[in-house]
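Colleague: based on what follows, work out the 3D shape:
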Amino acid sequence: MTQDKWLAERLAYLRGLKAPSDQQRLLLMLADKPDRTADDGRKLAALVRAEKAAERAQKARADAARIINAEKAAERKARDHELYESAGLMILAGLVDTKTGKPTRDRGELLGALVSLAEAQVDDAKRAAWKAKGDALMAERARR
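Modeller: Numbers count the residues shown, from 1 in each chain. Alright, predicted model coming up:
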């Protein structure tokens, strides 16, 4: 993009700002001045360089924000996937209705049972039996 075209577009942008900075106001004033002195020309050139640098910095910040937001979105998506998987286990166990998504038992009863399970001191043999039964249910579900 040529210097003149960039400057014209940037000046239009700056004129649209509600609260341009002092530097931007001076740039607008010098750009609109019909009879610029050599000193005005040097000031204008310096302000144009500063405005271009500010534009590049703003673009870099936006690019960095997009990267960060994409990473957060990926983390959120992975977390949501795990939550859906957990809900699927409740469905497979018959504790949640597949059509309505509502628990098949009283919520308090269901929560109490889950808390009791989380707090239970269970031996390895019982855990292995639970795992075998769960794996069999998931395998059966996968076959369908």
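
Colleague: average pLDDT for the longest helix anywhere in the chain?
Modeller: In the chain, assigned by DSSP state H, the helix with the most residues is helix 38-92. Averaging pLDDT along helix 38-92 yields 94.

Colleague: what helices or strands is it leaning on?
Modeller: helix 3-16, helix 22-32, helix 124-143 (3 or more C-beta pairs under 8 Å, 6 or more residues apart in numbering; DSSP states H and E). (C-beta placed from N, C-alpha, C; glycine too.)

Colleague: I'd like to check the angle between the helix or strand following it and helix 38-92, please.
Modeller: Once the chain leaves helix 38-92, the next helix or strand it forms, by DSSP states H and E, is helix 107-119. Interaxial angle of helix 107-119 relative to helix 38-92 (axes from the mean of the first three to the mean of the last three C-alpha atoms, to 10 degrees): 90 degrees.

Colleague: for helix 107-119, list the C-alpha coordinates in PDB.
Modeller: Only the C-alpha atoms of helix 107-119 are listed here, as PDB (Å, rounded to 0.1, in the frame of the first residue of the first chain):
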ATOM      1  CA  ARG A 107     -31.300 -35.700  42.900                       C
ATOM      2  CA  GLY A 108     -30.500 -35.700  46.600                       C
ATOM      3  CA  GLU A 109     -30.500 -39.500  46.700                       C
ATOM      4  CA  LEU A 110     -28.300 -39.700  43.600                       C
ATOM      5  CA  LEU A 111     -25.800 -37.100  45.000                       C
ATOM      6  CA  GLY A 112     -25.700 -38.800  48.400                       C
ATOM      7  CA  ALA A 113     -24.900 -42.100  46.700                       C
ATOM      8  CA  LEU A 114     -22.200 -40.600  44.600                       C
ATOM      9  CA  VAL A 115     -20.700 -38.900  47.600                       C
ATOM     10  CA  SER A 116     -20.800 -42.100  49.500                       C
ATOM     11  CA  LEU A 117     -19.000 -43.800  46.600                       C
ATOM     12  CA  ALA A 118     -16.400 -41.100  46.500                       C
ATOM     13  CA  GLU A 119     -15.700 -41.500  50.300                       C
END
